[in-house]
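Task: produce atomic coordinates for the following.
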Amino acid sequence: MNKKITAFTVAFLMVFVMAFPVFASQDDAAKDGTAGETASVTHIVDNEKMLSKKNKAKLESAAEKVYEKNGVEVFGYLTGQTLDDAKSVSLTVYQSSARTDAAIILLYDANKVYLYVYGRAENDFTDEELQDIKASAKAEDTYLKSFSKYIEMTSSLLDEKGVQPIPSERQQPRLVDRANLVSGSDETALLAKLDEISEARQIDVVIVTENAIGDKTSTQYADDFYDYNGFGFNDSRDGILLLISMENRDWAISTHGLGIDIFTDAGQEYMTDRFVSYLSDGDYYGGFDCFADLCDQFIAQYQETGVAYDVGNLPKAPFAWGFSIFISLAVGLLAGLITALVFKSELTSVKIQPSAVGYTKPDSLHLTERNDMFLYHVVNRTARPKDTDSGHSGGGGGSSTHHSSSGSTHGGSHGHF
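Here you go, the predicted structure:
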């Protein structure tokens, strides 16, 4: 009996001793603030293990608070290696980890410190502010203090500017038809087409219709709608938006990021020449469908060749069947007429007379009055040279740009239908 009690006591003590490190580990995790937490994003990458788990957790928590409050991802990257292309490393971190299209990243390698901004965050900081953040972080004597200072200054500046996350209700679909110009199956098919083109090409193609746009111009409204509703692929927020306002029958195109390069001024003029006529006829679905097809064609041209459709390099116009049939009939009629005249000339048996003398009776004509009458005159005119400047890029190609109310750079054009 005593042996059984002794064996049970020893087993219990062994279990307790083995379990103690686990309890201690859980207690330490709780103290560090890491117990029960599963970070959805890693903000601080420490390849050299220079930060303790506790300090790294503090930095992660501070960076997450900035994201929740301001909608900007704050990343830190630490490596003991010398990076040949630090910007590519920071871009990889942004593209693989950011949950939004706005991010800032402080990066340390073996020799230098770098600071990069991406997406909407490019408009949230001036160059001087970025230099101040970088200099202040670099001046600290430990990595913990450096990253803490970086996050603190970033958060303070974003708060001062009133930067907030884009709420979910502002993440709009690629077809926003508030004027109800298309409906039912047409609306479903059009949205599916815009989504398919956008996802496949990684360039947002967006259509927005409004009954009225208030005091803004069509260009201002299109730019702001693009900027403040979460559109655009990649860190440069690439895309194109077509706005239709029914109040004054306005249309406007806004391009952003790579969309500025793809859709040149001459290219947009080519596009509007083709889809605006549908809008004028009231065939809105036809116009929007044509716009989507043209966008796909222009993006494909740029991605496959690296050259945008522009002056001297625009798509060939589709074959004009009606005009060709008219020309064919005219040529056939002319050929038939010539043939008939040839045959007729062969049947003529009367010799052509140079004058009507043979048909007059001598001394039968007596003139009683004679007058000179002016019948007609010939005027040669020379056309005055026309002004060929379209107002876009001076005929030299490329894309003209402007700045929206948020300070973002856009291309585009506008008009009436």
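
Break down the stretch 51-200 of the chain into its strands, ranges please.
73-78, 102-108, 113-119, 175-177 (DSSP state E, counting those that start in this stretch).

quick one, which of those strands is packed in tightest?
Sort these by mean neighbour count, taking mean count of other Cβ atoms under 10 Å, and strand 102-108 sits at the top with a mean of 26. For every residue, glycine as well, the C-beta is placed using N, CA and C.

how would you label the spatially most central residue of the chain: helix, strand or coil?
Taking Cα atoms, centre = their mean, the centroid of the chain lies closest to G239, which sits 1.1 Å from it. When classified by DSSP: H, G, I helix; E, B strand; the rest coil, G239 comes out as strand.

residue contacts, it?
Neighbouring residues of G239 by Cβ atoms under 8 Å, 6 or more residues apart in numbering: 198, 203-206, 226, 231-233, 255-257, 259.

Also L106?
Taking Cβ under 8 Å, 6+ apart as the criterion, L106 is in contact with F75, G76, Y77, V113, Y114, L115, I133, K134, A137, S146, F147, Y150.

can you redo the residues you listed as JSON lines with pLDDT and distance to L191?
Formatted as JSON lines, the contacts of L106 follow (pLDDT from 0 to 100; distance: Cβ to Cβ, whole Å):
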{"residue": "F75", "pLDDT": "97", "distance to L191": "34"}
{"residue": "G76", "pLDDT": "97", "distance to L191": "40"}
{"residue": "Y77", "pLDDT": "97", "distance to L191": "39"}
{"residue": "V113", "pLDDT": "95", "distance to L191": "46"}
{"residue": "Y114", "pLDDT": "97", "distance to L191": "41"}
{"residue": "L115", "pLDDT": "97", "distance to L191": "40"}
{"residue": "I133", "pLDDT": "97", "distance to L191": "41"}
{"residue": "K134", "pLDDT": "96", "distance to L191": "43"}
{"residue": "A137", "pLDDT": "96", "distance to L191": "45"}
{"residue": "S146", "pLDDT": "96", "distance to L191": "47"}
{"residue": "F147", "pLDDT": "97", "distance to L191": "43"}
{"residue": "Y150", "pLDDT": "97", "distance to L191": "42"}
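
Of those, just say which sits nearest to F298.
Checking these against F298 by Cβ to Cβ gives F75 as the nearest, at 34.3 Å.

wait, isn't the closest one in contact with S96?
No - with contact defined as Cβ atoms under 8 Å, F75 does not reach S96; the gap is 10.5 Å.

Excluding chain neighbours, give the residue nearest to I151 in space.
Excluding its sequence neighbours, the residue lying closest to I151 (Cβ to Cβ, 6 or more residues apart in numbering) is A62, at 4.8 Å.

pLDDT wise, what is the one you found at?
The model reports A62 with a pLDDT of 96.

So for the residue nearest to the centre of the chain, what's the pLDDT?
At G239, pLDDT is 96.

what's the answer for G332, then?
Note for G332: predicted pLDDT of 75.

name the element it belongs to?
Element membership for G332 (DSSP states H and E) is helix 321-347.

Could you pull up the contacting residues of Y226?
Y226 makes contact with V206, G232, G239, L241, S254, H256, S404, H410 under the criterion Cβ under 8 Å, 6+ apart.

wait, the second one sits on Y118?
Translated: G232. No - between G232 and Y118 there is no contact under Cβ under 8 Å: 11.7 Å.

Which neighbours do the two have in common?
Joint contacts of G232 and Y118 (Cβ under 8 Å, 6+ apart) are D101.

ok, back up a step: mind checking which of the contacts of G239 are in helices?
Within those, residues falling in helices by DSSP state H are S198, Y226, G259.

and which of those residues is nearest D265?
G259 (12.9 Å).

for that closest one, what are its contacts?
I203, D204, D238, G239, I240, G411.

Just the buried residues of those residues.
Buried members of the contacts of G259, scored by 16 or more other Cβ atoms under 10 Å, are I203, D204, D238, G239, I240, G411.

any residues touching the strand or helix carrying the last one, and which ones?
To tie it back to what came earlier, the one meant is G411. Using DSSP H and E, the element containing G411 is strand 409-416. Strand 409-416 is contacted from outside by 217-219, 222-223, 226, 248-256, 259-260, 263, 265, 268-269, 272, 276, 392, 399-404, using Cβ under 8 Å, 6+ apart.

in its sheet, what does it sit against?
Strand 409-416 has these partner strands in its sheet, going by DSSP bridges: strand 250-256 (antiparallel), strand 401-403 (antiparallel).

what would those look like in CSV with distance to L51 and mean pLDDT?
Output for those, formatted as CSV (distance: least, Cβ to Cβ, whole Å; pLDDT from 0 to 100):
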stretch, distance to L51, mean pLDDT
strand 250-256, 38, 97
strand 401-403, 40, 94
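
TSV please, covering those strands and showing mean neighbour count.
Output for the strands paired with strand 409-416, formatted as TSV (neighbours: other Cβ atoms under 10 Å):
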stretch	mean neighbour count
strand 250-256	25
strand 401-403	12
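
I299 is nearest to which of these?
strand 250-256 (11.4 Å).

Centre of the chain to that closest one, how far?
Relative to the mean C-alpha coordinate of its chain, strand 250-256 is positioned 11 Å out (Cα atoms, centre = their mean, to the nearest Å).

Kindly export it (C-alpha atoms) in CSV.
C-alpha atoms of strand 250-256 as CSV (Å, rounded to 0.1, in the frame of the first residue of the first chain):
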residue,chain,number,x,y,z
ASP,A,250,-22.2,66.2,-68.8
TRP,A,251,-19.6,63.5,-69.1
ALA,A,252,-16.1,63.4,-67.5
ILE,A,253,-13.3,60.9,-67.5
SER,A,254,-10.8,60.8,-64.6
THR,A,255,-7.6,58.8,-64.8
HIS,A,256,-5.1,58.0,-62.1
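
what residues go with each domain of the chain?
Per the record, the chain has its domains at 44-161, 170-317+405-416, by automatic domain parsing.

Indicate which one of those is closest to G336.
domain 170-317+405-416 (30.2 Å).

where along the stretch 51-200 of the chain do the helices fall?
Secondary structure of the stretch 51-200 of the chain (DSSP state H, counting those that start in this stretch): helices located at 53-70, 86-97, 127-139, 143-161, 184-201.
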